[in-house]
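[1] 3D model of this:
(one chain, ligands or ions: 1)
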Amino acid sequence: MFKYYKLKIKKDLLMRKLKLFFWLPVLSIMACSDDPVSEDIQVENQNQITTSNSNDPLVEIAFPESKGSITDIYYTGMKMPVENVNGKYIYQGDIIIPKGKSSKSPVKLVFEKGEDVPENKSVGRTSAYWTDNVVYYDLDGSLPDKNRVYDAISHWEANTNLEFVKRSGQSNYIYFTPGSGCSSYVGMTGGRQEITLASACSTGNTIHEIGHAVGLWHEQSRVDRDRHITIHFENIQSGRGYNFETYASAGYDGEEFTTNLDFGSIMMYSPYSFSKNGEPTITRADGSLYSAQRSSLSSGDVQGVNSMYPSTDGGSETNYINGEYYTINGLTVMYYYDYWYYESPFGLKRVELIRGNWFYI
Ligand SMILES: [Zn+2]
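    Here you go, the predicted structure:
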């Protein structure tokens, strides 16, 4: 699908330099010599082929043709390396981090019990979920192949509790618009938030980008991912390794959190993501390969999304899944048997949500 080879051929430059020598006439003598002509032939034979991952339909990239500088920012309570490209913070290839809601220095999102919570907490927070299970959207009139959007939306509606409604004046909505790659924000950011779709972005890629917009991160970036997968940094293209960093270092002990990483998730990177040599960059922890897909939501995706957006029919309570990570009120936390845990700089800490703010227990 993605056939964007970045073929950078510097055309052979044939530079012909003519050096004219002027012989100054001395008095009345005009000497005219043969103008020596030197030909400098300079050929730059740099047929550089830079392959980005834009030819892999299992890895979405916001700007396949561009590379930016890498910088660390803080968002949803986590430090994450982002690529600063085309004026945007890009995380893991296709996730756009809102600049106004991220910070260059740590922002306090979890407070000690009894601590006064500052009034202005705008930095570092995200609205995250859509309300009443309704996602409003609109399409740029110039977007090619609009059916991939309609097909992706139908797939989401058929499999989850979410409903997608064409915007009629609502202020928070997704705007599907053409771009150089596929990209999205994570969760409802407030206002108009774009999902960009290059022509090569398939229906499956669109399902994936909508997954971000309703609040999903990449499956391989689970905080506990190192218990499930091995990253082979030696096979990653230079300058792309940051795409594989987790936002928190794993390392807390214990096997009690048993929910597994879902290799079949539509939010899972391909094993060959950003490979420089055709060797896998991600394998299962035991070194074996897995197959990634971009055709449909997995049963794990459906379960996870429906736990974020429980059915509104029966008024049932939210059924969070043990061991899953959720971004709630600006913080990414893990649910486990009625308790919430946050991967703090000091390890995994139990936290509690009180009137919209998180506190350490
Ligand atoms: Zn993605």
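[2] for the chain, which residues are neighbours of the ion?
    Contact residues (C-beta under 5 Å from the ion) of the chain with the ion: 60, 94. For glycine as for every other residue, the C-beta is placed from the backbone atoms N, C-alpha and C.
[3] just the helices from the chain, written as ranges.
    Secondary structure of the chain (DSSP state H): helices at 147-159, 203-213, 299-308.
[4] buried residues, the shortest one. List them.
    Which is helix 299-308. By neighbour count on 16 or more other C-beta atoms under 10 Å, the buried set for helix 299-308 is 300-301, 304-308.
[5] how far does stretch 346-361 stretch from start to finish?
    For stretch 346-361, the separation between the terminal residues is 14 Å (C-alpha to C-alpha, to the nearest Å).
[6] tell me the mean pLDDT over that stretch?
    For stretch 346-361, the mean per-residue pLDDT is 87.
[7] and whichever residue of the chain sits closest to the ion, what does it touch?
    Of all residues in the chain, D94 sits closest to the ion, at 4.1 Å by C-beta to the ion. By C-beta atoms under 8 Å, 6 or more residues apart in numbering, the residues touching D94 are 60-62, 181-184, 209, 212.
[8] any stretches of the stretch 51-200 of the chain with poor pLDDT?
    Scanning the stretch 51-200 of the chain for pLDDT under 70 picks out the ranges 51-55, 119-127.
[9] tell me which stretches of it form strands.
    69-75, 78-85, 88-91, 95-97, 110-111, 134-139, 163-166, 173-177, 184-185, 192-196 (DSSP state E, counting those that start in this stretch).
[10] could I get these in TSV, plus columns for mean neighbour count?
    As requested, these are arranged in TSV below (neighbours: other C-beta atoms under 10 Å):
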stretch	mean neighbour count
strand 69-75	17
strand 78-85	19
strand 88-91	21
strand 95-97	22
strand 110-111	18
strand 134-139	18
strand 163-166	14
strand 173-177	21
strand 184-185	24
strand 192-196	20
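[11] which residue packs closest to Y290, ignoring adjacent ones?
    Using C-beta to C-beta, 6 or more residues apart in numbering and skipping residues adjacent in sequence, the residue nearest Y290 is F263, 4.2 Å away.
[12] so who does the residue most central in space within the chain touch?
    Centroid-nearest residue in the chain, with C-alpha atoms, centre = their mean: I95, separated by 2.5 Å. Residues near I95 by C-beta under 8 Å, 6+ apart: 62, 183-186, 212, 217-218.
[13] select from the residues you listed the one having the most neighbours.
    Most neighbours among these, by other C-beta atoms under 10 Å: S184, with 27 neighbours.
[14] that residue contacts V214, correct?
    No - in this structure, S184 is not within contact of V214 by C-beta atoms under 8 Å, at 9.5 Å.
[15] count of residues packed around the spatially closest residue to L109 that is not a sequence neighbour?
    Excluding its sequence neighbours, the residue lying closest to L109 (C-beta to C-beta, 6+ apart) is G77, at 4.5 Å. For G77, the neighbour count with other C-beta under 10 Å is 24.
[16] what do you get for S180?
    16.
[17] wouldn't it be in contact with F63 here?
    Yes - if you go by C-beta under 8 Å, S180 and F63 touch, sitting 5.3 Å apart.
[18] got the helices of the chain as CSV, with distance to V351 columns?
    Output for those, formatted as CSV (distance: least, C-beta to C-beta, whole Å):
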stretch, distance to V351
helix 147-159, 30
helix 203-213, 24
helix 299-308, 18
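[19] bridged to the closest residue to I361 other than its chain neighbours, which residues?
    Of all residues not flanking I361 in the chain, R350 sits nearest, at 4.5 Å (C-beta to C-beta, 6+ apart). Beta bridges link R350 to Y341, judged by DSSP bridges.
[20] which ones are touching R350?
    With C-beta under 8 Å, 6+ apart, R350 has these contacts: 339-342, 360-361.
[21] farthest pair in these?
    Largest separation among those by C-beta to C-beta: Y339 and Y360, giving 12.4 Å.
[22] distance check, L261 against R227.
    According to C-beta to C-beta, to the nearest Å, L261 and R227 sit 8 Å apart.
[23] more crowded one of these two?
    When L261 and R227 are compared for neighbours, L261 comes out ahead with 20 against 15, by other C-beta under 10 Å.
[24] ok, that one touching Q220?
    Yes - judged on C-beta under 8 Å, L261 makes contact with Q220 at a distance of 7.3 Å.
[25] shared neighbours of these two, anything?
    Contacts common to L261 and Q220, judged by C-beta under 8 Å, 6+ apart, are 229, 268.
[26] and the closest residue to L216 other than its chain neighbours, what's its pLDDT?
    Of all residues not flanking L216 in the chain, M267 sits nearest, at 5.2 Å (C-beta to C-beta, 6+ apart). We have a pLDDT of 94 for M267.
[27] could you verify my assumption that M267 touches G215?
    No - using C-beta under 8 Å, M267 makes no contact with G215, being 10.7 Å away.
[28] burial of the closest residue to V85 other than its chain neighbours, as a residue count?
    Distances taken as C-beta to C-beta, 6+ apart place G68 nearest to V85, at 3.1 Å, with adjacent residues excluded. By other C-beta under 10 Å, 16 other residues sit near G68.
[29] next one: Y342
    Neighbours of Y342 using other C-beta under 10 Å come to 21.
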